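>>> With the sequence up front, the predicted model follows.
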Amino acid sequence: MKKCCLVLSGLFITMTLFAQADSIQAPFKRFPSYPPVKLLLPDSSGYYTKADLPKKKSVLVMLFNPDCGHCQLETEQLIANIDAFKDVQVVMATNTNFAAMKEFRVKYGLEKFDNIIVGQDTHYFLPVFYAVHNFPFLAFYNKNKELLSVFEGSLPIPAMLERFKAKTK
């Protein structure tokens, strides 16, 4: 009888644990507005926050790793089509070391573009907030800083622009 009760108790506990796993959501699904993240700027003098975002622009958040080939290609494509993103603030965030972030910024000349911000997520907030598994990770926000969609991996420029247009009409 003791063994039967023990087995039933074990099954009950196991079923309860599996039921809990399904109810856990990534924070961005529960809080679909631009996250309260602080990104350390390349000059180390300050942070870029939600308050710094332009009021009348959509936002593209790109989480990247400077050593990631897909991230490098996505950045090259973004720069080649920067005119198409004139109404979009691009926020590029990484949690890799500071020197690698700065090298990446210089390599691609990102400091030349007014609508691109590169920063270090020193508190590892964004990978947890978005439950990131692959780089680059893209999050699309409308002008009201409300989440439109997310995408893991490389995305062609026309598909990126379509994500902004599809939900803002």
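Nice, thanks for sending it over.
>>> element containing residue 139?
strand 137-141 (DSSP states H and E).
>>> where does the protein have low pLDDT?
Where the chain drops to pLDDT under 70, the residues are 1-23, 166-169.
>>> cutoff 90 now
For the chain, residues meeting the criterion pLDDT under 90 lie at 1-26, 31, 44-45, 165-169.
>>> what about the strands in this protein?
Secondary structure of the chain by DSSP state E: the strands cover 39-40, 47-48, 58-63, 88-94, 116-120, 137-141, 147-152.
>>> With distance to residue 33 as extra columns, can I get those in JSON lines?
C-beta coordinates here come from the backbone N, C-alpha and C atoms, glycine included. JSON lines is the format used below for the strands of the chain (distance: least, C-beta to C-beta, whole Å):
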{"stretch": "strand 39-40", "distance to residue 33": "17"}
{"stretch": "strand 47-48", "distance to residue 33": "17"}
{"stretch": "strand 58-63", "distance to residue 33": "11"}
{"stretch": "strand 88-94", "distance to residue 33": "14"}
{"stretch": "strand 116-120", "distance to residue 33": "18"}
{"stretch": "strand 137-141", "distance to residue 33": "8"}
{"stretch": "strand 147-152", "distance to residue 33": "7"}
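>>> Tell me which of those sits nearest to residue 29.
strand 147-152 (8.7 Å; C-beta to C-beta).
>>> now the closest one against strand 58-63, angle please.
Interaxial angle of strand 147-152 relative to strand 58-63 (axes from the mean of the first three to the mean of the last three C-alpha atoms, to 10 degrees): 30 degrees.
>>> Please identify the buried residues of strand 147-152?
Going by neighbour count (16 or more other C-beta atoms under 10 Å), the buried part of strand 147-152 is 147, 148, 150.
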